[in-house]
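In: quick one: sequence and predicted model below, then my questions.
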Amino acid sequence: MHLTIEHSTRYVYDAPVDYSIQQLRLTPRDGFGQRVKRWHLRVNGQMQQHADAYGNAIHTLVVDRPHHEVTITACGEVETGLDLPPAAERLPLQVYLRSTPLTAVDGALSAFAARFAGGRRNRRLDNLMHAVRERIAYRRHVTDTQTSAAQAFALGEGVCQDHAHVFIACCRHLGVPARYVSGYLFTGDGSLVESHAWADAWQEDGWRSYDVANGQRANGSHVRLAAGLDYRDACPVSGIRRGGDGERMAVQVQIAQQ
């Protein structure tokens with residue numbers, strides 16, 4: 001599948017910002033069944049690129065003059081559904097067993113995870129994926145980027161980020177390395193207007209990807225951008241600024257099949 005993607009993020013500030021710095025995880029890499037044919041970032045500032053500890057492509061965007069807005073556009077073409085292995089793993093698997101504030105389990109979540117402690121890993125992780133999706137109804141605007149897995153589980157509602165965090169928390173509690181993935185999902189009907197999130201879990205022969213929000217294994221409709229222990233390691237854009245008072249953000253994602 002050949003997918004063309006354009007992802008625009010615009011921050012507008014109520015007062016001039018003296019200085020802002022953003023970390024952009026908006027550049028896909030080859031591997032995990034995808035090949036990047038072309039990709040470009042357009043920004044109104046200076047950028048430097050590096051790779052983080054997880055192997056994600058990071059662009060650091062600095063705007064060091066007074067400004068009222070920051071506009072970031074990522075666009076390109078990615079081929080998916082290919083027989084391409086993941087990039088070489090940089091970190092030992094034990095890293096992906098670490099709990100984080102967003103993926104820590106409480107009593108209720110550990111009891112839920114314990115239901116999937118026996119049997120073949122492949123089957124029990126599929127069962128876990130479906131159980132998490134059933135337990136947490138998809139509903140927007142009830143959680144945010146600071147909502148933990150335990151909080152989303154107790155609430156019983158959330159979005160793809162929450163589904164991924166709960167699944168990851170359960171996997172790690174069961175001794176299964178797991179990580180958070182950010183990217184895009186091509187739906188074919190234009191229903192996705194923002195970026196997407198899912199999870200990787202370690203099987204005996206390598207990583208497998210679970211789109212918990214949709215109750216399916218990630219496939220050729222998914223484009224990976226970044227991965228890490230949780231949302232904070234893999235979010236598309238994060239940053240800080242000096243000044244600006246209030247902030248408004250607008251995001252638009254367009255995906256088409258060639």
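Out: Sure, I can see it.

In: give me the distance between Leu174 and Thr80.
Out: Separation of Leu174 from Thr80 (CB to CB, to the nearest Å) stands at 30 Å. For the C-beta atoms, the positions are set from N, CA and C on the backbone; glycine is no exception.

In: Asn44 too?
Out: 30 Å.

In: so these two - more neighbours on which side?
Out: More crowded of Asn44 and Thr80, by other CB atoms under 10 Å: Thr80, with 23 against 12.

In: model confidence for that one, exactly?
Out: In the prediction, the pLDDT value recorded for Thr80 is 95.

In: I figured it was touching Arg224, is that so?
Out: No: using CB atoms under 8 Å, Thr80 makes no contact with Arg224, being 9.3 Å away.

In: what kind of secondary structure is the residue lying closest to Met47 once chain neighbours are set aside in?
Out: Distances taken as CB to CB, 6 or more residues apart in numbering place His59 nearest to Met47, at 4.8 Å, with adjacent residues excluded. Under DSSP: H, G, I helix; E, B strand; the rest coil, His59 falls in the strand class.

In: wait, doesn't His59 sit right on Arg42?
Out: No: applying CB under 8 Å as the test, His59 and Arg42 come out as separate, 11.3 Å apart.

In: those two: which is more packed in?
Out: Each of His59 and Arg42 has its neighbours counted (other CB under 10 Å); His59 has more, 19 against 10.

In: so who does the more buried one touch?
Out: His59 sits next to Gln23, Leu24, Leu26, Thr27, Leu41, Met47, Gln48, Gln49 when contact means CB atoms under 8 Å, 6 or more residues apart in numbering.

In: now those as a markdown table including neighbour count and pLDDT?
Out: A markdown table is the format used below for the contacts of His59 (neighbours: other CB atoms under 10 Å; pLDDT from 0 to 100):
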| residue | neighbour count | pLDDT |
| --- | --- | --- |
| Gln23 | 17 | 96 |
| Leu24 | 24 | 98 |
| Leu26 | 26 | 98 |
| Thr27 | 18 | 98 |
| Leu41 | 18 | 97 |
| Met47 | 14 | 94 |
| Gln48 | 9 | 95 |
| Gln49 | 11 | 95 |
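
In: then stretch 202-221 to CSV, C-alphas only?
Out: Extracted in CSV, the C-alpha atoms of stretch 202-221 (Å, rounded to 0.1, in the frame of the first residue of the first chain):
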residue,chain,number,x,y,z
TRP,A,202,7.4,-9.0,22.6
GLN,A,203,6.7,-12.5,21.4
GLU,A,204,9.2,-15.3,21.5
ASP,A,205,10.4,-14.5,17.9
GLY,A,206,10.1,-10.7,18.0
TRP,A,207,7.9,-7.7,18.4
ARG,A,208,4.2,-7.8,17.4
SER,A,209,2.0,-4.7,17.2
TYR,A,210,-1.5,-4.5,18.7
ASP,A,211,-3.9,-1.7,17.7
VAL,A,212,-6.0,-2.1,20.9
ALA,A,213,-8.4,0.7,20.1
ASN,A,214,-9.5,-1.1,16.9
GLY,A,215,-9.1,-4.6,18.3
GLN,A,216,-6.7,-5.8,15.6
ARG,A,217,-3.0,-6.4,14.9
ALA,A,218,-1.3,-3.5,13.3
ASN,A,219,-1.1,-4.0,9.6
GLY,A,220,-0.4,-2.3,6.3
SER,A,221,-2.8,0.5,7.2
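
In: can you give me the buried ones in that stretch?
Out: Trp202, Trp207, Arg208, Ser209, Tyr210, Asp211, Val212, Ala213, Asn214, Gln216, Ala218, Ser221 (16 or more other CB atoms under 10 Å).
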